[in-house]
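>>> Quick one, what's the 3D model for this:
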Amino acid sequence: MNAGAAADRPGWLVQMCLVLSSLSLVAMVALIAAEIVARSFFHYSFEVVDEVGAYLLVAVSFLGLAPAHAAGSFHSVELVQERLSVRAQRISQKFFLTLSLVFALTMLGTITRYVWRTWQQSDVASTVLQTPLWIPQSVMILGMACLCVVLARSLRQVHIAGDAP
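Just a heads-up that it's a prediction; the model follows:
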């Protein structure tokens, strides 16, 4: 595998997360709209909109992490960053990216263990659908794993930029 192919992979990963997150949002809006129409005009409820809507909200949130980082949408203290030298800015970026990556990896491990236990215990939602809970929870693993990859890529880019003359 050449360096160009490796560099394209996180871009593809970010796009995949963005598309899946967007589709989840569209599905949630469509589901809620259908519930509103069914209740208003037919006095009928699907009775699963709250549950499925919550699962889709989790998908939107976790799958949106990697694209948000890639777009630079997370909080940063630009007031401080602007006053630092270029070298100090890189050190600051490395520090915060490393800290973020450690936190994201810790969250990934914790979520993975939680989902594994849920799967082993065959936990299901106490609702009409009785959804096996590991299914919607697995989206959290996917979202955090993608964030870890994107954070690692950003850290590598800052490190490489720091090595350049």
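
>>> Can you spell out which helices and strands pack onto the longest helix seen in the chain?
In the chain, with assignment by DSSP state H, the single longest helix is helix 3-42. Judged by 3 or more CB pairs under 8 Å, 6 or more residues apart in numbering; DSSP states H and E, helix 3-42 is in contact with helix 49-63, helix 65-70, helix 134-163. The way it works is simple: take the backbone N, C-alpha and C, and place the C-beta from them, glycine included.

>>> Reformat these as TSV; add mean pLDDT.
Putting these into TSV (pLDDT from 0 to 100) gives the following:
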stretch	mean pLDDT
helix 49-63	96
helix 65-70	94
helix 134-163	91
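
>>> for those helices, which one ends up most surrounded?
Among the helices and strands packed on helix 3-42, judged by mean count of other CB atoms under 10 Å, the one packed with the most neighbours on average is helix 65-70 (a mean of 22).

>>> how far is it from where the chain is centred?
Centroid separation between helix 65-70 and its chain, computed with CA atoms, centre = their mean, to the nearest Å, is 7 Å.

>>> can I have the helix or strand just after it written out in CSV, keeping just the CAs?
Note on helix 65-70: by DSSP states H and E, the next helix or strand toward the C-terminus is helix 78-81. Once non-C-alpha atoms are left out, helix 78-81 reads as follows in CSV (Å, rounded to 0.1, in the frame of the first residue of the first chain):
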residue,chain,number,x,y,z
GLU,A,78,-8.0,30.4,19.4
LEU,A,79,-7.4,33.5,21.6
VAL,A,80,-4.5,31.7,23.2
GLN,A,81,-3.4,29.8,20.1
